[in-house]
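**Student:** Sequence first, then the predicted structure:
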Amino acid sequence: MSDAQPFSAPYIHAPTSVTRTMSLVMIALVPATLFGLYQYGWPAIFLFIITLTTAVVAEGISLRIAGKPIRPFLFDGSALLTGWLLALTLPPWAPWWIAVVGALLAIIVGKQIFGGLGQNLFNPAMVARVALLISFPLEMTLFTSPLPLGSASAPGMIEGLLITLGLGTTPDAITSATILGHFQTELGRGVSVDQIATTTDSIWQLSWGSISGSMGETSALLLLAGGLFLLWQRIITWHIPLAMLSTLFLSAALFHWLDPTHYISPLTHLLSGAAILGAFFIATDLVTSPVSIRGQIVFGIGCGLLTFIIRTWASYPEGVAFAVMLMNSLTPLLDHYLKPRVYGRDRKGVPIQYGEQEENR
Amino acid sequence: MGLTFGFKLFPVRGGVHPEDRKQLSASAAIEALPMPSLLHIPLQQHIGAPAEPLVQRGDTVKKGQILARNQGMISAPVHAPTSGRVMGIGGFPAHHASGLSVRTITLKPDGLEEWHESITPEADPFALSPDEIAQRVAAAGIVGMGGATFPSAVKLNLRKRYTLKALVINGAECEPYLTCDDRLMREHSEQVRDGVRLMAQALGVETILFAIEKNKPEAIAAMSEAAAALPHFKVIALPTRYPMGSEKHLVQALTGKETPARGLTADIGIVVHNVATAKAVHDALFLGQPLISRVMTISGGAIKEPRNLLVPLGTPVADLIRACQGFTEEPVRIVSGGPMMGQPLPSTRVPVIKGSNGLLALSAAEVSEKSEMPCIRCASCVSACPCGLVPLEMAATIRNGSLDNSVHLGLLDCIACGSCSFVCPANIPLVQYFNFAKGELASRQRMQHKQGETKRLAEARTARMEEMKRAKKEALLKRKREMEEKKRAEKAQQEQEAQQSKQTETVSTGSAVA
């Protein structure tokens, strides 16, 4: 007989763990990440490594200061995932200090200050991205056209390292705006959507991702594949992604239908920027999204609507990060008001009554 | 009617799919355990008041003889599992996680297995009236044998207070490992069927819904065949999902109706009984035998030879383990019941009781205790909860010490099925939190009740004392008044006498003068 303490059942457990959850999310990110690293070459690879390393080191130091056990928390994969998500949203040729500052912001300000794993109100990667975007608008909007590894004009390893260290020179010719940025600038100049569209990438390019943009945001198809993998593995449910993407699509479609010269087509909205990454990997962040189905649907609708509003009328061409963060702040409220209905009770919590049985009592 | 195809099942929220591990013991036919050398028969093997002993130390008893009678409305008598001598009545560790001692009759079997003369088969139990059936079920000491141990006769009498539509037999056996009901259905399908029919007769309902999870195809086939000729006896194959065997969820799956919170399934016209209970009802009415033994599954990764055994009540758990050739390795947990809702046993000395459906010795590999992590709000528990609760929030409130808030969040609607703890990736022992809170609230309530009672009694005493004081005072006053009156009377008398004597004196003096 063992000397185990008496403890409530169950005595068996599903093969789940925090590490497994985090690892599956990272596995889902692998295709889009590999594509991004290949497409933007050595500088992107260095930036990716720096972001992830800084995130993990910052996590370790924070845990030590907080006096928490380091091993279980460092190996739960959450810091690595935060760093990873942040890296995917950075301009691929950004200098090293953007990655370092971003990772420190994400882990320390975004997560550990709130109390560490599971306690943060906002998605840490989005906290960092928004802070960086506001603080360093120039570096954060300097995007590169795809120069795949091995292609003629792609920087080699040393050259790439210099670019990341901020010592290399980025040829002006290969820097370009993202599609959403391009639309915003041109629309601001009074050009109509149709005219701009003739100069931008095709829908196919947007889907596959061979365009300029953040390191891992460009390939809508590969991100979608990752998202479907998460759905299949039941790490996330369909409610947030579907609510967010359909709201974005429908609101964009409505305005595009009303005035096609001033409003971008809904498909462009869906396939550009962080829409797909955001819908499957960021808005669905377990810690910062509501727990009830109804809460998740409202949350997703809010994310989609705010993304459209910010993209269309605010001064930033990309709205996903802002939208998700704004909705994150509503999560406690949504959780409070949109609870599931308890078995045997109505929505107000009153026990169900069946009229016919009443008189039999 | 037998197996009913296309019976419309209704969706039930939540649930999990644990590995069922039933293959360990599913192919082992029920075998009778040899009579142990000593039986410890607790007087409390059911929900309600403990039974009151009718025998004394040194008494010789026969098999099936009543040892202790039920007392109160909700209670059940206890019978002798075999013939032998009563060695004593006293405290013995209970079949409970606490291992606290309960009043127990210790019986030394004499090996003769002599039935008591009162045990006589009934010629035609179907000729009995509902009241007679319920009365015999009560006298046989039958309680809910799925583990709830609620006296069955009380449930059979629900017809008096509710309009009932159907009897549901819970053959889901959704707990992993357990195969005792499966074996009963396979090997004793006709007896189970007849027990069920008698219960339906007692309840005054025609429709019988016999629900079995699909992972027991042999049991479904056996019951369907047994019930083939009965038009209102429907055998229904349920999807395999834990906790399908939760009474209220089973009824929801079959009828689409939820049992009102804090209510009974009888509120929606349904009474649910267990397979083993049906078999016990059969034995009680057809054979006249009270509940003195039951079928148990002894299984788990640490058990050498998992078996299904027919066990006399009161058998020490250690005897069961011995009958299965002992352990292959030191078990991490010894559990009574299934792994999802069972109880840890403090020792193998404790006896088998009416509600014991399984004994599991779980190996380290099966239990895989991992360290607890913070909640990552993944909502797995929310989607697993069959009761529509938000377990993560309830646990957080309990952790913060606000038990009343956890009640507002639905703590008392929790059926402790363990689905939430089972899926939690952070290994948070959610059910432990809930059980703690429920226990704490119950003890607070008891304390409050006690305080109330104390206050009431103290006030009553003060009032009584006051009354006594007042009465005393009054008595005193009365006496005083009486005394005074007496005195006054005496005085008056004296005066009168004095006057009289004066008069006489005067007269005499006068006469003397004269």
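**Tutor:** Received it, and whenever you're ready, just let me know what you need.
**Student:** Report pLDDT for B:F5.
**Tutor:** In the prediction, the pLDDT value recorded for B:F5 is 68.
**Student:** Kindly check the end-to-end length of stretch A:107-126 for me.
**Tutor:** Length of stretch A:107-126, first residue to last, CA to CA, to the nearest Å: 11 Å.
**Student:** confidence score at the most centrally placed residue in chain A?
**Tutor:** Geometric centre of chain A, nearest residue: A:I282, 3.1 Å, by CA atoms, centre = their mean. Looking at A:I282, its pLDDT is 95.
**Student:** distance of it from chain B?
**Tutor:** For A:I282, the distance to chain B (CB to the nearest CB, to the nearest Å) stands at 15 Å. Any C-beta I mention is one placed from the backbone N, CA and C, and that applies to glycine too.
**Student:** need the contact list for that residue.
**Tutor:** A:L85, A:N123, A:A125, A:M126, A:A274, A:V320, A:A321, A:V324 (CB atoms under 8 Å, 6 or more residues apart in numbering or on different chains).
**Student:** One more: B:P176?
**Tutor:** So B:P176 contacts A:I12, B:P18, B:E19, B:D20, B:R21, B:K22, B:Y242, B:G338, B:P339, B:M340 (CB under 8 Å, 6+ apart).
**Student:** Report whether it is found in a strand, as I expect.
**Tutor:** No - looking at B:P176 with DSSP: H, G, I helix; E, B strand; the rest coil, it is coil, so not inside a strand.
**Student:** hang on, the earlier thing: just the contacts of A:I282 now: which is nearest chain B?
**Tutor:** A:N123 (12.1 Å; CB to the nearest CB).
**Student:** Any stretches of the stretch 401-514 of chain B with poor pLDDT?
**Tutor:** Within the stretch 401-514 of chain B, the stretches with pLDDT under 70 are B:502-514.
**Student:** residues from it in reach of chain A?
**Tutor:** Neighbours of chain A within the stretch 401-514 of chain B, by CB under 8 Å from any CB of the partner chain: B:410, B:413, B:416, B:418, B:421-427, B:429, B:431-432, B:435.
**Student:** Now do the strands for chain A: every range, in order, please.
**Tutor:** A:143-144, A:175-176 (DSSP state E).
**Student:** Equivalent analysis for the stretch 151-300 of chain B, please.
**Tutor:** For the stretch 151-300 of chain B, the strands defined by DSSP state E, counting those that start in this stretch occupy B:166-171, B:207-213, B:233-238, B:270-274, B:293-299.
**Student:** Now distance to chain A too, for those, in JSON lines please.
**Tutor:** Shown next, in JSON lines, are these (distance: least, CB to the nearest CB, whole Å):
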{"stretch": "strand B:166-171", "distance to chain A": "14"}
{"stretch": "strand B:207-213", "distance to chain A": "17"}
{"stretch": "strand B:233-238", "distance to chain A": "18"}
{"stretch": "strand B:270-274", "distance to chain A": "11"}
{"stretch": "strand B:293-299", "distance to chain A": "13"}
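**Student:** Redo the ones you listed as a markdown table? Include distance to A:P31, mean neighbour count and mean pLDDT.
**Tutor:** As requested, the strands of the stretch 151-300 of chain B are exported to a markdown table (distance: least, CB to CB, whole Å; neighbours: other CB atoms under 10 Å in any protein chain shown; pLDDT from 0 to 100):
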| stretch | distance to A:P31 | mean neighbour count | mean pLDDT |
| --- | --- | --- | --- |
| strand B:166-171 | 47 | 26 | 94 |
| strand B:207-213 | 39 | 24 | 94 |
| strand B:233-238 | 40 | 24 | 93 |
| strand B:270-274 | 50 | 26 | 94 |
| strand B:293-299 | 44 | 26 | 95 |
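**Student:** Ok, which of those comes nearest A:L24?
**Tutor:** Closest to A:L24 of the strands of the stretch 151-300 of chain B, according to CB to CB: strand B:207-213, at 29.6 Å.
**Student:** That closest one pairs with which strands, parallel or anti?
**Tutor:** Note on strand B:207-213: by DSSP bridges, its sheet partners are strand B:166-171 (parallel), strand B:233-238 (parallel).
**Student:** I'd like those laid out as a markdown table, including distance to A:I240.
**Tutor:** What follows is these, written out as a markdown table (distance: least, CB to CB, whole Å):
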| stretch | distance to A:I240 |
| --- | --- |
| strand B:166-171 | 37 |
| strand B:233-238 | 32 |
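**Student:** Show me the one of those that comes nearest B:E495.
**Tutor:** Comparing the strands paired with strand B:207-213 by CB to CB, strand B:166-171 comes nearest, at 94.1 Å.
**Student:** so how far is that closest one from its chain's centroid?
**Tutor:** 19 Å (CA atoms, centre = their mean, to the nearest Å).
**Student:** got a list of contacts for it?
**Tutor:** B:146, B:181, B:185, B:196, B:199-200, B:203, B:205, B:207-213, B:216, B:219, B:223, B:245, B:247, B:250-251, B:254-255, B:265, B:269-275, B:278.
**Student:** all strands of the stretch 351-500 of chain B, in order?
**Tutor:** Using DSSP E, counting those that start in this stretch, strands in the stretch 351-500 of chain B cover B:358-362.
**Student:** Any stretches of chain B with poor pLDDT?
**Tutor:** Using pLDDT under 70, chain B drops low at B:1-2, B:5-6, B:502-514.
**Student:** How is it partitioned into domains?
**Tutor:** B:2-336, B:376-501 (automatic domain parsing).
**Student:** Quick one: neighbours of the closest residue to chain B within the stretch 101-250 of chain A, just the number.
**Tutor:** Closest residue of the stretch 101-250 of chain A to chain B, CB to the nearest CB: A:G118 (4.1 Å). The burial count assigned to A:G118 is 20, neighbours taken as other CB atoms under 10 Å in any protein chain shown.
**Student:** roughly how far apart are the nearest residue in space to it that is not next to it in sequence and A:V57?
**Tutor:** Computed as CB to CB, 6 or more residues apart in numbering or on different chains, the closest residue to A:G118 that is not its neighbour in sequence is B:P374, at 4.1 Å. For B:P374, the distance to A:V57 (CB to CB, to the nearest Å) stands at 21 Å.
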